[in-house]
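[1] turn this into a model:
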Amino acid sequence: MQTSSTAPETPFGLCRLIGQIRGEIVLGIEQALTDAGVGLNFSQFLALKRLGENGPMAPGELARSLNYNPGALTRLLDKLEHLGYLQRVPDPNDRRALRLELTAAGSEIRKRMLACSDAAAERAFTDVSDAEQRALHHLLTRVLEHLHAERDCRAGS
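    Reported below is the predicted structural model:
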């Protein structure tokens with residue numbers, strides 16, 4: 001079903017389709033979180049997921065890794081800290097700085113959230129074969145690598 005007037009054969013049409021798919025997957029994950037009784041949104045999920053993957057990090061590092069506005073991230077972190085899912089601790093290398101780390105409750109809720117996101121992703125790809133998923137993964141990886149190379153080239157100029 002085509003929901004926009006942009007032809008899917010154009011690069012912009014493909015970008016728009018990818019954006020629409022992302023939006024639907026985010027909604028699916030948020031619905032799965034709600035159904036599981038997890039009162040957090042997708043951005044909060046991503047912050048906890050990233051901290052679980054990378055371990056303690058500075059707030060600025062987390063903001064960059066999520067491509068998130070630092071001011072908005074502060075509000076998000078305040079909520080997660082208030083809920084007991086993360087804590088701000090002194091940076092062992094710079095006593096003026098703080099690092100973010102998951103609490104035991106944060107690690108536990110992260111596991112529940114990952115199960116929700118995995119289930120939502122499985123539902124999204126129900127009608128796509130394993131071979132098609134591998135082909136799509138390969139194509140999207142090539143696009144992403146090209147975009148990263150372009151960005152790195154511009155940064156080096």
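
[2] helices or strands up against the lengthiest helix in the chain?
    In the chain, taking DSSP state H as the definition, the longest helix is helix 130-156. Counting contacts by 3 or more CB pairs under 8 Å, 6 or more residues apart in numbering; DSSP states H and E, helix 130-156 packs against no other helix or strand. All C-beta atoms are positioned from the backbone trio N, CA, C, and that covers glycine.

[3] for the record, mean pLDDT for it?
    Helix 130-156 comes out with an average pLDDT of 95.

[4] ok now it, how far from the chain's centre?
    Centre-to-centre, helix 130-156 and its host chain are 17 Å apart (CA atoms, centre = their mean, to the nearest Å).

[5] which stretches of the chain form strands?
    Remark: strands assigned in the chain by DSSP state E are 86-91, 94-102.

[6] any chance of TSV for these, columns mean pLDDT?
    Shown next, in TSV, are those (pLDDT from 0 to 100):
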stretch	mean pLDDT
strand 86-91	95
strand 94-102	93
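
[7] and the helices in this structure?
    For the chain, the helices defined by DSSP H occupy 11-35, 42-54, 59-66, 70-82, 104-124, 130-156.

[8] highest average neighbour count across those?
    Across these, averaging neighbours per residue (mean count of other CB atoms under 10 Å) puts helix 42-54 on top, at a mean of 18.

[9] which residues of the protein score low on pLDDT?
    For the chain, applying pLDDT under 70 flags the ranges 1-8.

[10] and the residue nearest the centre of it, how far is that from A115?
    Nearest to the mean C-alpha position of the chain, by CA atoms, centre = their mean, lies L46 at 4.3 Å. Using CB to CB, to the nearest Å, L46 is found at 16 Å from A115.

[11] what's the answer for R123, then?
    R123 is 13 Å from A115, by CB to CB.

[12] can you check P90 too?
    The gap separating P90 from A115 is 33 Å, by CB to CB.

[13] one more: P70?
    Separation of P70 from A115 (CB to CB): 30 Å.

[14] got it, and L77?
    Per CB to CB, L77 is found 23 Å from A115.

[15] V143 now?
    Remark: distance between V143 and A115 (CB to CB) = 29 Å.
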